[in-house]
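Trainee: From the sequence below, what's the structure:
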Amino acid sequence: VDSLAAYVPSAGNYSAYADRVITLARWRDRQAALHLQQIAVAKRDEMGWSRAGAELESAVVGTRTDSYSGEQWGSLLWDHFAGSGASVEHAIPMPFPKLTYALGGGMQPGEGCAVSGPTSMGKSVWVDQWLDHAADRGKRCHLYMTEMTAVARGMRYLARRTGVPFMVQRRGAMSEAQRKLILAELDKIPYGCSVAADWNIDDIVNDALRSRWDFVVVDLLHGFHYDDERGLDKLS
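Mentor: Purely as a prediction, here's the structure:
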């Protein structure tokens, strides 16, 4: 358990960590595209060959696919400001007004936010508050956990919502009044969770897309370790 902390990207090396993860993901995309090409060749599948070629081009070209002429750029902005793009109405607000304002109303659909910091400094508590805040405003939310069990994280949720301390719940030393608060809250938990300790990040992305959640939290993100990403703790 102690060695897990060594994989956490610290403030000094998060950029190198991100660059390495992106590079390795790009190579995995190329490998997948080449595998599709191999299948298409074996089947003499012209359509499959074309699709595989497009996949490979996307993996090699990368961000250059997001290039626009002046006319295309104007069209993109027109779609946004005409109302078909993201808006404050669809944003996911934070429980902290100043941060929500700094984000232009909150997280827009399709956006991601990485929360980093030293161990035990409140990252999970903060994102849990964000989940509560979004769910209370009618957003369809979900929590993917790579570290804690459903019961342990559930007790933290109940501590926030009822005021019954986590350790009181864990010891089973609740008063009758506290027990009633707990039981009443269990009938109205506004979002679900998935224990994803044996998933990879692709499993979570696919599950979230299938479920069409408005807002998801993955905690902890660095719980995913492909074999070719090990040794990140040795970065300077």
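Trainee: The helix or strand of the chain with the lowest mean pLDDT: how far from the chain's middle?
Mentor: Scoring the helices and strands of the chain by mean pLDDT, DSSP states H and E places helix 70-79 at the bottom, with a mean of 76. Computed by C-alpha atoms, centre = their mean, to the nearest Å, the chain-centroid distance of helix 70-79 equals 29 Å.
Trainee: buried sites along it?
Mentor: Of all the residues in helix 70-79, not one is buried under the rule 16 or more other C-beta atoms under 10 Å. In this view, the C-beta of every residue, glycine as well, is placed from N, C-alpha and C.
Trainee: Ok, stretch 40-48 next?
Mentor: By neighbour count on 16+ other C-beta under 10 Å, the buried set for stretch 40-48 is 40, 48.
Trainee: number of nearby residues for residue 190?
Mentor: 16 (other C-beta atoms under 10 Å).
Trainee: for the residue nearest to it when sequence neighbours are not counted, what are its contacts?
Mentor: Closest residue in space to residue 190, ignoring its immediate chain neighbours: residue 135 at 3.7 Å, by C-beta to C-beta, 6 or more residues apart in numbering. Neighbouring residues of residue 135 by C-beta atoms under 8 Å, 6 or more residues apart in numbering: 141, 190-191.
Trainee: 10 Å instead, please
Mentor: Counting by C-beta atoms under 10 Å, 6 or more residues apart in numbering, residue 135 touches 141-142, 189-191, 214-215.
Trainee: Among these, which one sits closest to residue 42?
Mentor: residue 142 (38.6 Å; C-beta to C-beta).
Trainee: Touching, that closest one and residue 189? I think so.
Mentor: No. Between residue 142 and residue 189 there is no contact under C-beta atoms under 10 Å: 11.8 Å.
Trainee: who's more crowded, these two?
Mentor: residue 142 (20 against 13).
Trainee: Which element, helix or strand, includes that one?
Mentor: Using DSSP states H and E, residue 142 falls within strand 141-145.
Trainee: next one: residue 193
Mentor: Using DSSP H and E, residue 193 sits within strand 192-195.
Trainee: which helices and strands does that strand pack with?
Mentor: Judged by 3 or more C-beta pairs under 10 Å, 6 or more residues apart in numbering; DSSP states H and E, strand 192-195 is in contact with strand 141-145, helix 150-162, helix 201-211, strand 215-219.
Trainee: To residue 20, which of the ones you listed lies closest?
Mentor: Closest to residue 20 of the helices and strands packed on strand 192-195 is helix 201-211 (C-beta to C-beta; 14.3 Å).
Trainee: Check which residues of the longest helix that the chain contains are buried.
Mentor: For the chain, the longest helix by residue count, based on DSSP state H, is helix 14-43. For helix 14-43, burial by neighbour count (16+ other C-beta under 10 Å) applies to 17, 20-21, 29, 33, 36-37, 40.
Trainee: Repeat that for stretch 111-126.
Mentor: So for stretch 111-126, counting by 16+ other C-beta under 10 Å, buried means 123-124, 126.
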